[in-house]
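J.: Predicted model follows, preceded by the sequence.
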Amino acid sequence: MGIKDCFAKYGAELKNVNWSVSAENHKGELVVSLWKHFFTPAVKGKTKYIDKVSRWSGHGNAEFRGRIQKAYESDQIVRVVIARTDDEEAVLRGEDASKLKNRFHVREDWIGKILNWDGDNFEIEFREE
């Protein structure tokens with residue numbers, strides 16, 4: 001399934017399918033695309049995603065930062081589209097991931113909350129609904 005279709009599963013539409021990785025849906029939830037390899041193993045039914053926005057750049061970065069800031073301040077519900085790639089090292093180096101072979105899927109049973117945000121580093125905790 002493509003990223004656009006995954007966001008649509010949550011009722012969200014990307015501003016630009018080539019670079020957007022976040023959007024709000026009609027319920028007021030934040031929907032984000034996150035890399036599988038930054039998730040921690042589940043502990044007591046909770047899975048964390050830990051990353052920093054300075055790792056990558058581009059148009060989607062500024063949009064993502066703004067949405068993460070808003071979600072953190074308002075305790076907004078977060079939904080996830082999980083992205084997988086064949087080149088995790090390129091992602092770690094902050095290369096343009098839109099040029100990689102990526103696959104996407106949703107976890108409609110997960111509900112998330114941003115635990116930490118300092119303007120760069122962020123942590124989102126997901127649990128089954």
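T.: That came in fine, so what should we check first?
J.: got the contact list for the most far-flung residue of the chain relative to its centre?
T.: In terms of distance from the mean C-alpha position of the chain, K44 ranks first, at 21.8 Å (CA atoms, centre = their mean). The contact partners of K44, by CB atoms under 8 Å, 6 or more residues apart in numbering, come to none. For the C-beta atoms, the positions are set from N, CA and C on the backbone; glycine is no exception.
J.: can you check the one 5 residues further on too?
T.: Taking CB under 8 Å, 6+ apart as the contact definition, Y49 lies against L34, F38, F39, T40, V80, G112, E123, I124, E125, F126.
J.: confidence score at it?
T.: With respect to pLDDT, Y49 scores 97.
J.: Likewise for the one 4 residues further on?
T.: pLDDT for V53: 95.
J.: Same question for I114.
T.: We note a pLDDT of 98 for I114 in this prediction.
J.: how many neighbours does it have?
T.: Residues within reach of I114, counting by other CB atoms under 10 Å, total 23.
J.: Likewise for the one 3 residues further on?
T.: Neighbourhood size, W117 [other CB under 10 Å]: 17.
J.: swap in P41?
T.: 6.
J.: Repeat that for D120.
T.: 11.
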